[in-house]
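Peer 1: Generate a structure from the sequence data that follows.
(chains A and B)
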Amino acid sequence: MNTTSQNRSVAIHVSDLHQSYGSFEAVRGVSFTVAPGELFALLGTNGAGKTTTIETLEGFRRPTRGSVRIFGIDPFGQPPELRPRVNAVLQHSGLFEELTVTESIELARDLADDPMDTAEVLEAVVLADKARNTVRSLSGGERRRLDLGLAILTRPDVLFLDEPTTGMDPEMRRETWKIISSQVARGAAVVLTTHYLEEAERLADRLAIMHRGEIRVSGTVSEVVSQWGDRISFRLPSHIRSRELPELPGAELTIDVRGDHQWAVYTVTTGTDPATRTHHALLPLLKWAEERSLDLERLESRPASLEDVFLAVAQGDVTDLVDL
Amino acid sequence: MTTATAATPPASDSQTPRKPVSVLRQALRLTRTEFTLFYRYQMALYSAALPLIFLLPLSVFEPYDVLPGVDTTVLSLTWFFPIAALTVGLSHVPNVYAIRRERLILKRLRVSGVTPAAIFTSTVLSVFSVVVVQTVLVAALLAALKEVFPTAPVLFLVSLALTTVVMVLLGVLIANFARNGESAQIISMVPFFLLIMLSGLFVPVDLLPDGIAMTIGLLPMLPAVRLAQSAYLGYDLFDGISNAEAATGVDLWLAAGPSLLILVAWMVLLTLLLRIFQWDPRVNK
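Peer 2: As a prediction, this is how the structure comes out:
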């Protein structure tokens, strides 16, 4: 892809990225792109390689192998063409504790070209009533909001958000989601890492789940979830053995032990139509139960959640890489 | 390897090239903030006041003349000028940089588009301002008590500026090897005491074997002290007090050349070494 066409269509381009610390390979062949006006969520357990990937994109690390480009430019060392166009919220607040909220914003404004007004930033991050307070006196959530305010005041074209809502109460988290969404709406390419899966489900246009330095699953939320399949589960009657359970079309059976009971869990992953596949799988199960006069206790059918997929990836169940 | 690619990226009008803010503007703005932080940060005030402790012994000892118009009190007070740069540079800078790195303040500045040059320059400017204030105080003391005024003020200021730059850069590099503010202070004590002991006041360099004296002369502190004293007192003190001769104007600049070159060499070397500066907290390593 030449630089010009890449500039027009893609803000962030990561290709076969490898990052090593000595003999330890923290990132192993990660590739993704993020377009302007798109939020890409990078999920994974601690040590999955998310922060290393973002630090490479921020220009703090040179890839061991592969390449990263922002608007077609290598970000390593933060070249002058990229500096005004990129900003970030780091994993922890990087603020001068002795400055007030207003002083912190005014400092960031003076260091940037064409920034937002101080009042505009205070209003956006809901800190107007704390304007004269020192950073030292702010709560953890308020610091994160100030941090976000400092990141958006430069109106960046690319925004990296590393766990931006950590320490926030649920109400403030939702307020922060609105701020993030407004950045995407004005055309910023946003890369978000978070431990809150609900946050990724709400905000992400696309996401990837990393494990041990690799992207194991990626796509839109609905693609990722539908790929993982719907769940049918019920408490296994005590006189029924697992091998007696019926085979259901397009479904795989597993037995879970929860407390004193065994549970049958069918994962429905294949079917002609994802919207009706569970219906087609349920029918023979109900028929099988009727023939044996069985009441299936706590019978439940639900689509897989992002949490199901995340936990499966984190536990290493997803060994084959999914490419959507 | 997994590839996650956007199918149809939306149009964006935000890709017009934008102008980065100049290094000078960023450095001056950060310097302003440094002053605000300086008077709100008690440890910084302590660092600023610390060099004045070196003046206390002067009131105890009976002064005697070492050169025409120069007694031991005058010599000690002129020794103070570069020591102020050393003290603030090595007691304040490593501590502040280590703390700011651990709190991700330095990294936050970098991801906001602030250049390393602007960050380091602002530290040099703020420390130099403190050193200038201390210098003015001591110069006023010299004028009031001994009626001694700087003979070569330009050379004196140049030497003071170079010494400050070298000490600040050294302080930043020390922070690179410290895990936190406390360890930065402990680590910085080693070069601090080494440089102060070899600055010419405590160890009689003139009496040491030539090889050792030459080695000490290549460290930054002895040239810095000799530059400040020579420029202030109007003597060529670069070969020691015993060989001192009165010198002014071009003669003094020519005599000062090697010492200036040593400081410039240190400045270049330390600037190059700053490329290894770690912006990430060391606790994560």
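
Peer 1: Which stretches in chain A count as strands?
Peer 2: Along chain A, counting by DSSP state E, strands occupy A:12-21, A:24-34, A:39-44, A:65-70, A:86-89, A:158-162, A:189-193, A:206-211, A:214-219, A:230-235, A:251-258, A:261-268, A:297-303.

Peer 1: need those in CSV with distance to chain B, mean pLDDT and mean neighbour count, can you?
Peer 2: Glycine gets a C-beta too; all of them are placed from N, C-alpha and C. Below are these laid out as CSV (distance: least, C-beta to the nearest C-beta, whole Å; pLDDT from 0 to 100; neighbours: other C-beta atoms under 10 Å in any protein chain shown):
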stretch, distance to chain B, mean pLDDT, mean neighbour count
strand A:12-21, 6, 94, 19
strand A:24-34, 4, 93, 21
strand A:39-44, 7, 95, 26
strand A:65-70, 9, 94, 19
strand A:86-89, 4, 94, 27
strand A:158-162, 7, 95, 24
strand A:189-193, 8, 96, 26
strand A:206-211, 5, 93, 26
strand A:214-219, 4, 90, 25
strand A:230-235, 23, 90, 20
strand A:251-258, 23, 87, 13
strand A:261-268, 21, 89, 19
strand A:297-303, 21, 89, 13
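
Peer 1: Among those, which comes closest to residue A:129?
Peer 2: For the strands of chain A, the distance to residue A:129 is smallest for strand A:86-89, at 21.6 Å, taking C-beta to C-beta.

Peer 1: who touches that closest one?
Peer 2: Contact with strand A:86-89 is made by A:54, A:58-59, A:70, A:75, A:78, A:144, A:147-148, A:150-152, A:154, A:156-162, A:164, B:111-113, as judged by C-beta atoms under 8 Å, 6 or more residues apart in numbering or on different chains.

Peer 1: How about the contacts made by the nearest residue to residue A:157 once chain neighbours are set aside?
Peer 2: Nearest-residue entry for residue A:157: residue A:85, 4.3 Å, with adjacent residues in sequence omitted and distances by C-beta to C-beta, 6 or more residues apart in numbering or on different chains. Contacts for residue A:85 were tallied using C-beta under 8 Å, 6+ apart; they are A:70-71, A:156-158, B:18.

Peer 1: any idea which of these is closest to residue B:274?
Peer 2: Ranked by distance to residue B:274 (C-beta to C-beta), the contacts of residue A:85 are led by residue A:70 at 24.8 Å.

Peer 1: OK, contacts around that closest one?
Peer 2: A:11-13, A:57, A:82, A:85-86, A:158.

Peer 1: How about residue B:168?
Peer 2: Per C-beta under 8 Å, 6+ apart, neighbours of residue B:168: B:89, B:93, B:120, B:123-124, B:127.

Peer 1: if we can go back for a sec, is it possible to get a markdown table of the contacts of residue A:85 that adds distance to residue B:159?
Peer 2: Output for the contacts of residue A:85, formatted as a markdown table (distance: C-beta to C-beta, whole Å):
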| residue | distance to residue B:159 |
| --- | --- |
| A:70 | 44 |
| A:71 | 46 |
| A:156 | 43 |
| A:157 | 46 |
| A:158 | 45 |
| B:18 | 41 |
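
Peer 1: now whichever residue of the stretch 51-200 of chain B sits closest to chain A, what's its secondary structure?
Peer 2: Residue nearest to chain A within the stretch 51-200 of chain B: residue B:108 (2.8 Å; C-beta to the nearest C-beta). With DSSP: H, G, I helix; E, B strand; the rest coil as the basis, residue B:108 sits in helix.

Peer 1: I am finished for the moment; much appreciated.
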